Every structure is written in structure tokens, then in C-alpha cells.
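> Only the shape, not the letters, is given here:
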């Protein structure tokens, strides 16, 4: 069994970007923008009714950008609406309750010690006041709940971090919600795969080899390199149809029809971000090169490792943007630097393992 070369790996990973870079940024930017809007409205205490109207208008703009032919298009829109409503509840309404409680403590403590206090009506003003009056904390040491007051700036930083971790998920009846990013990877790749399948049908051929690559998913590993029929149904167990030139032929239609525990047709060719392709069978032709299980497992771990780095980069970049909304330049800089450290390592690792660097996967 022959190992995949770095050039082949780079070609395969670059192929992903050709299709996904057109759509994934739409959802990455939408999630960030929704978080920025909600954070801004909480920070400046703008009316909730105005916030909801702005978010509704923004989601309508996103709807226009989502391709009309994208499968399950409504799942994205419904997911955006449902999660945005939850965000408003968790990161606007509940945050205001916390703000009001802390403000009440500050007012009562200042009145007790006779300190004149400027009018404060927003979280932004309260945060600025607390940070600029740290010397007065000594006078509050015995005051009830003074720790909550001193910890308010830190609480705001936690607010940013927790909000940055939140993910907008799809909403589909009978299916577990997945992130818009995952869903876009699935649907964009699925669209391309179905176009490829349609071209195969138009060719008049029925038998095709399924390609092989070493970083394939576990769901695909047992099917890659197999000979399949794109029209016939299985007549035997294991999705087998017949034997041709000593090779078992499997029913691709039946394999693709299987659903996973979450209700998705997540299998080879039609599965989450599947990158396998079909190659016409000709009498006497050989199966695509096979890879040792150890090589497959190794490359799978590399792929997972790089995807995890990409998620971490996007997280720190989101943190940075939300910190800037609150005027916290120090927190923004910390997250900016963390993102850059991982970006540098990410690019080095991509080069080391032979994977193409895909900028759209680390931008927001």
C-alpha cells in the first residue's frame, strides 16, 4: 500500500477551499456580527425593542446571501433566528439584571460613605467608574457585597469569553442541531458531490471506483477504494450487488441512504464534508491505491488537530472583537496576540504535514 504524497494531500485539502470558501465566511461573519450587535446594545443599554428590530433586519440581509439552491436552506435561517433570540435572553436581558444589581450596590455604598457619585445609566459608565475609583474600595471593605462590585470588570471579561464560545446551530425537525459552519461544510460539499454524481449518471456508466485518501473519516474508511454501482440496489448483505472481474460491487445508493443516530445521511460521498470522488470503472482496471490503517489514523488525527486550531483562532478573534465593542483595548490585544501565536503555529503545521493553508477557515 502506497502512502499519499504531500503534493496529493495539498491538492485534496485545497480542493475543499474551492467550494467552501464561497459560503463558509457568510456564516462565520454572521455569527460574529450578531454577537457584536448584542454586546453593543448591552454595553450602551440601548432599548431591547430596537435591538430585536436591528437583529431581525440583519438576519434578513443574511438570508439574501445564502444561496437559493443550498440544501436545507431553511435550517440555517431557523437556526439563526432561534439562537439569536436565545442570545438576546442570555446576553442582553440576564446581563442587565446583573448590571442593575451591581449598580444598586454601588449607589447604596456611596450614599453610606457620603461620596458624591456621577449619574450612571449604562454598563459602560459603571465599568469606567469602578475602574477609575479603585482607591475608594478601601472604604467599602466592610460594605455588604463589595466583592461583587470590585469583581464587576472581571465579570464583564467573562461575559466576553462566554459569549465568544457560543455557537449558532441549525434548527431542523428530527435532527440534532449542528453549527452553521459544520452545516455549511456538509451542504456545500454535498452540493458538489451531487453534481459529480449527476455527471456520472449522464456518462452512461454504472460502475465506479471510490477514491481513497489517508485522512478520511471512520465512516468512509471501509468504503473507499470499493467498486460501486450508482443505480442498482443491494441483493446481498453488506450492500453487495454482484461480482465483476473478481471485485465485489456495492450499491452506492443504499450506502448513501443510511442515516446516523442524529438523522443525517452521513456516509461516503454524501457525508459531512466528504471529499471522495468517483472514477469510472473500465474492464481490467484496478482499485484506487489503498492506505495502511496506521497511515489513515495518523492523517485523521492531523486533520482533527488542524481543525481544532482553526476553531481556537476564530474563538480568540471573536473575543478580540467583542472586547473592542466594550472599549477594553487591553483584553482585545491579549486575544489578538493569542490568535497570532496560534496562526503562526497553524501555518507551520500545515506546511509540515503538507496541508494547504486555507485563510477563509481562520478569518471571521
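In hand now; what should we look at? These numbers were taken from a predicted model, which means no experiment stands behind them. Residues are numbered from 1 along each chain as shown.

> Show me the domain layout of the protein.
Using automatic domain parsing, the domain parsing of the chain gives 6-22+294-361, 24-165, 203-291.

> Any chance of those in CSV with distance to residue 188 as columns?
Bear in mind the C-beta positions are built from the backbone N, C-alpha and C, glycine included. Formatted as CSV, the domains of the chain follow (distance: least, C-beta to C-beta, whole Å):
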stretch, distance to residue 188
domain 6-22+294-361, 5
domain 24-165, 7
domain 203-291, 9
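
> quick one: low-confidence ranges for the stretch 201-350 of the chain?
The model of the stretch 201-350 of the chain has pLDDT under 70 over residues 214-215, 273, 289-296.

> Make CSV out of the domains of the chain and add mean neighbour count and distance to residue 197.
As requested, the domains of the chain are arranged in CSV below (neighbours: other C-beta atoms under 10 Å; distance: least, C-beta to C-beta, whole Å):
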stretch, mean neighbour count, distance to residue 197
domain 6-22+294-361, 17, 15
domain 24-165, 16, 13
domain 203-291, 17, 7
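
> Name the residues of the helix or strand hosting residue 186 that are buried.
For residue 186, the host element (DSSP states H and E) is helix 180-202. Applying a neighbour-count criterion of 16 or more other C-beta atoms under 10 Å, one finds 180-193, 197, 200 buried in helix 180-202.

> neighbouring contacts of it?
Residues from elsewhere that reach helix 180-202 (C-beta atoms under 8 Å, 6 or more residues apart in numbering): 16, 19-20, 22-24, 26-28, 30-31, 69-72, 75-76, 79-80, 167-170, 178, 208, 230-231, 264, 266, 269-275, 277-278, 280.

> In strands only, show me these.
Applying DSSP state E to those, the entries found in strands are 208, 278, 280.

> which of the residues you listed lies closest to residue 59?
Nearest to residue 59, judged by C-beta to C-beta, of those is residue 278 at 37.7 Å.

> can you give me the strands in the chain?
Going by DSSP E, the chain shows strands at 207-210, 227-229, 240-244, 247-251, 278-280.

> now those as TSV including distance to residue 48?
TSV is the format used below for the strands of the chain (distance: least, C-beta to C-beta, whole Å):
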stretch	distance to residue 48
strand 207-210	53
strand 227-229	55
strand 240-244	60
strand 247-251	55
strand 278-280	53
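
> what about stretch 38-48, how long is it end to end?
Using C-alpha to C-alpha, to the nearest Å, the end-to-end distance of stretch 38-48 comes to 10 Å.

> Show me the contact partners of it.
50-51, 54-55, 87-88, 91-93, 95-96, 99, 121-124, 160, 163, 322, 325-327.

> Next: stretch 261-270.
For stretch 261-270, contacts defined as C-beta under 8 Å, 6+ apart pick out 172, 174-176, 178, 186, 190, 193-194, 197, 210, 219-220, 223-224, 252, 255-260, 271-272, 274, 276, 278.

> how long is it end to end?
From its first residue to its last, stretch 261-270 covers 16 Å (C-alpha to C-alpha).

> what's the offset of that stretch from the middle of its chain?
Distance of stretch 261-270 from its chain centroid, counting by C-alpha atoms, centre = their mean, to the nearest Å, is 18 Å.

> same deal with stretch 74-88?
In terms of C-alpha atoms, centre = their mean, the centre of stretch 74-88 is set 15 Å apart from its chain centre.

> Stretch 21-41 too?
Stretch 21-41 has its C-alpha centroid displaced from the chain centroid by 11 Å (C-alpha atoms, centre = their mean).

> repeat for stretch 64-74
When C-alpha coordinates are averaged (C-alpha atoms, centre = their mean), stretch 64-74 and its chain have centres 17 Å apart.

> Look at it and report the distance between its end residues.
In stretch 64-74, first residue to last residue: 12 Å (C-alpha to C-alpha).

> mean confidence for that stretch?
Throughout stretch 64-74, pLDDT has a mean value of 82.

> just to revisit the earlier point, residue 304 is nearest to which of the strands of the chain?
Smallest distance to residue 304 across the strands of the chain (C-beta to C-beta): 22.0 Å, for strand 207-210.

> partner strands of that closest one, parallel or antiparallel?
Partners of strand 207-210 in the sheet, by DSSP bridges, are strand 227-229 (antiparallel), strand 278-280 (antiparallel).
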